[in-house]
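# Here is a sequence together with a model predicted from it:
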Amino acid sequence: MRKFRHLPVLARLFCASFSVESVLAQDRPPSQLIPTSVRDGWVTVTPPEFQGGINNPLKGYRGYKKDGYGLLERIYIKWQDIEAGADDTVERIIAHTNRITEIKGRRFEDLNVKLVPRVYLDWNGSPGRQHWPVDLHTFDYDSPEFQVRLQRLVAKLGEAWDNDPRIFAVQMGLIGYWGEHHSPAPTAAQRRLLTEAFQKAFKHKPVLVRHTDPEFMAAGFGIYYDTFANLSREPPDGQRDQLPWQATNVYPDIWKRAPIEGEVEYNWQKQRASAKPAETFGRTPDETMKVPAYRHYMTDKIRRYHASYLGWISGYTDTDREALAGAAELQKVFGYRFVLDSVSYPLAVQPGAKMTVKLTARNTGSAPFYLDWPVAVALLDPATKKPAWSAELNGIDIRHWLPGEDWDSAAFVYRRPAISYQAEGHAALPADIKPGRYIVALAILDRQGGMLPSARFAIENYFRGGWHPLGFIGVGVPPAQAALTNVRFDRPDFDDSLHYKVPEKLLAVTTPPAPPVKAVTPWKADPNIELINPWRSWTLEGRPPDLDKEVRFDSSVPGAASKRVIRVAGEFGRRSSLRYSLGKGVKLERGRYRVAFRVRGMPGQSVDFEVSDSADFDAADGSSILARKESIPLTAQWEEHSLEFEISAAIKDQASLRFRLPREVSGAFELTDPRLKLVK
């Protein structure tokens, strides 16, 4: 117990009560004594639950593991890599998808791996890490041209991906650092545009967004939450605009419509004392897997937020037996886990007749199954264990099999446990099927991937290849017995024979020639001419829910060199701010500078303006302020203001211009023609 010495007492007690040996004990042949009964011509089978984790698709760990759990890959895609210019075609997107859906020479479809793509423009604001097409201005999120291109790109993404079996879900991305919708966040107009565009483009794939903005939630989008389980963001003290508080208090049912996923941010754990790693989930994925108290904490968050899968945590060592055993425990908790309590079918059927299968199922996982994958029935040849016939069971929709709800962290159970679902499916046998004895089997098929078996039920009855055998059936005449005897099952947890198919027409697409493109002239900062990029977005900070930024072009502004007007309107709240960052590559050298701008707004109100050596809202305190002009009065007419300031020492971070907006009033503030240059 020495390695747990930093854990709280209760956590150490929990560690003592749980051993990974309980998971490793699954390394044994499954039982062959399957309860089977026959009554009134119907066979009822009660298959034992498989107690281990199952490496099922569309859930678990976002990162492929050759020897562990993980059948998902999230890949960042640069916009410029899939669109060279406005007239580019969808073939470039498909060809790029063909290139990236491969792991060490093996295709995703052969590994049964699915892709979750995210298209982005700006990695983190650093010079050279922006990826706009050459006919768009870098950092331009606000122009009408960008909005049109945004809409057109999403339409092409839908054309490329909505029917591609390699794609599970699509992360919206596109705006802000890493496509995470901050620096800047999408405006209300952009959110409406993106919502409409993604809903139109994707009819078969879930769409995921970073934040619970009302437009996105009304559309039924899922969430990629990239600081999952971080203690400082958990209710009741965490930020109210983040998933934990929102899912607890505002949108408790968003998980029923689309996946909840994200990243477990281990750098945060290592670098911030507020994360309390020893009391939460540790500092590395292997620690999370190996320490029962850490798994307990992570299980609590997965259950509470109904998470389907997570990234970064997938960095556990799959060759470490102890880490793999811990990963198996969390794999059981992630996403869906379908237990079949009973299955009934007729003892005998006639060729050409309708076959009915009745089943009782529970979802003991944390989330639904989000794609329209069918349950199929097969009649297997007893000698080869291969299907002599199979068909989709009409009338069964596994998307409706929900897990428990309303998680109780103290009791560690759902207050509303998962219910048992009674389902009945039907399929017609072919008239020419050969009479005789067969094995009835069920499977969950990948609908877009060639209708091949993929997801597995959590039962011991399993044959390699994806089918769950249940008992014997007679075609034409009843079999001598229904129960399976002397039939050896395979383990359902890892089956490397499972795969899906990608249409040849997709795989055959190659990169098209680049269309003729008229590149824009890149803007460069010059301290003697201008340091404010006219294309770079101003960011509305503080995320007040009823305040929004919009950009319009007004040629009537008197004397202004720029015609772009930034308007902030609504309920200003307590701490809203409009900020412009010069960027990580733009430095203010020593010297005297002059900043000027035109503003107008609510008469009787004022704004404070400051230049700071910080890109962070809260860090802009007295120690980082380079210049300040307080109480700038707002009037109904445009008024120009200016401020000169001296830079006597090198900038440590990155210079920002910030308007601290009126407090707790309703109205509007407008800004145009901001200018900054060295004067001597």
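Looks like it arrived, so ask away.

# next one: phi and psi at L657?
When read as degrees, to the nearest 10, the backbone of L657 gives phi -110, psi 140.

# okay, now it: neighbour count?
If you count neighbours by other Cβ atoms under 10 Å, L657 ends up with 22. Where you see a C-beta, it was placed from the backbone N, CA and C, and this is true even at glycine.

# Now for the residue lying closest to it once chain neighbours are set aside: which residues touch it?
What sits nearest to L657 in space, not counting adjacent residues and going by Cβ to Cβ, 6 or more residues apart in numbering, is Y580, at 4.5 Å. The neighbours of Y580, taking Cβ atoms under 8 Å, 6 or more residues apart in numbering as the test, are I532, R536, W538, T539, S656, L657, R658, P674.

# possible to save those as a markdown table with pLDDT?
Shown next, in a markdown table, are the contacts of Y580 (pLDDT from 0 to 100):
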| residue | pLDDT |
| --- | --- |
| I532 | 95 |
| R536 | 93 |
| W538 | 93 |
| T539 | 91 |
| S656 | 91 |
| L657 | 95 |
| R658 | 95 |
| P674 | 96 |
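
# out of these, which are inside strands?
If you go by DSSP state E, the contacts of Y580 have T539, S656, L657, R658, P674 in strands.

# Any figure for the gap between the residue nearest to L657 and L531?
As defined by Cβ to Cβ, to the nearest Å, Y580 lies at a distance of 10 Å from L531.

# before we move on, what SS does the most centrally placed residue in the chain have?
Closest to where the C-alpha atoms of the chain average out (Cα atoms, centre = their mean) is Y224, at 3.3 Å. What DSSP: H, G, I helix; E, B strand; the rest coil gives for Y224 is strand.

# Looks like it contacts V207 (just checking).
No. Here Y224 lies out of contact with V207, judged by Cβ atoms under 8 Å, at a distance of 10.4 Å.

# Could you pull up the mean pLDDT of stretch 480-490?
Mean pLDDT, computed over stretch 480-490, is 93.

# and it, how far apart are its ends?
25 Å (Cα to Cα, to the nearest Å).

# Return the set of buried residues in that stretch.
Applying a neighbour-count criterion of 16 or more other Cβ atoms under 10 Å, one finds A482, A483, L484, V487, F489, D490 buried in stretch 480-490.

# which residues are contacting the helix or strand hosting V565?
Using DSSP states H and E, V565 maps to strand 564-571. Residues outside strand 564-571 that contact it (Cβ under 8 Å, 6+ apart) are 142, 534, 538, 540, 544-554, 557, 576, 578, 661, 665-672.

# which of the residues in stretch 554-562 are buried?
Neighbour-count burial for stretch 554-562 [16+ other Cβ under 10 Å]: V557, A560.

# start to end distance for it?
9 Å.

# all numbers from here: first residue = 8
From this message on, residue numbering opens at 8, which makes the last subject stretch 561-569.

# Could you pull up the mean pLDDT of that stretch?
77.

# ok, residues contacting that stretch?
With Cβ under 8 Å, 6+ apart, stretch 561-569 has contacts from P541, K570, V572, R605, W645, E647, T679, D680, P681, R682.

# What's the first helix or strand after the longest helix belonging to the chain?
Across the chain, the longest stretch assigned as helix under DSSP state H is helix 151-168. Next helix or strand after helix 151-168 toward the C-terminus (DSSP H and E): strand 177-178.

# what does that next one contact?
Contacts of strand 177-178 (Cβ under 8 Å, 6+ apart): 81, 123-125, 164, 168, 186, 205, 209, 212-216, 231.

# tell me which strands and helices the helix or strand immediately after that strand in the chain is in contact with?
Next along the chain after strand 177-178, taking DSSP H and E as the criterion, comes helix 195-208. Secondary-structure packing of helix 195-208 (3 or more Cβ pairs under 8 Å, 6 or more residues apart in numbering; DSSP states H and E): helix 151-168, helix 221-225, strand 554-560.

# what separates the nearest residue to W168 once chain neighbours are set aside from I261, distance-wise?
Using Cβ to Cβ, 6+ apart and skipping residues adjacent in sequence, the residue nearest W168 is I174, 4.6 Å away. Using Cβ to Cβ, I174 is found at 21 Å from I261.

# next one: P565
On the measure of Cβ to Cβ, P565 and I261 end up 48 Å apart.

# and the strand holding V572 with helix 195-208, angle?
90 degrees (axes from the mean of the first three to the mean of the last three Cα atoms, to 10 degrees).

# Can I get strand 571-578 as CSV, trimmed to CA atoms?
Taking Å, rounded to 0.1, in the frame of the first residue of the first chain, the C-alpha atoms of strand 571-578 are listed here in CSV:
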residue,chain,number,x,y,z
ARG,A,571,-15.3,47.5,-40.5
VAL,A,572,-17.5,48.1,-37.5
ILE,A,573,-17.4,45.8,-34.5
ARG,A,574,-20.7,45.9,-32.5
VAL,A,575,-21.2,44.4,-29.1
ALA,A,576,-24.8,44.4,-28.0
GLY,A,577,-27.0,42.8,-25.3
GLU,A,578,-26.7,42.4,-21.6
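
# and after that strand, which helix or strand comes next?
strand 584-588.

# Who does that following strand pair with, and is each partner parallel or antiparallel?
Partner strands and pairing direction for strand 584-588 (DSSP bridges) are strand 546-548 (antiparallel), strand 663-667 (antiparallel).

# so which of these comes closest to T287?
T287 sits nearest to strand 546-548 of all these, at 27.9 Å, using Cβ to Cβ.

# The residue nearest to K508 when sequence neighbours are not counted: how many residues sit nearby?
The shortest distance from K508 to any non-neighbouring residue, by Cβ to Cβ, 6+ apart, is to G457 (3.2 Å). For G457, the count of nearby residues is 15 (other Cβ under 10 Å).
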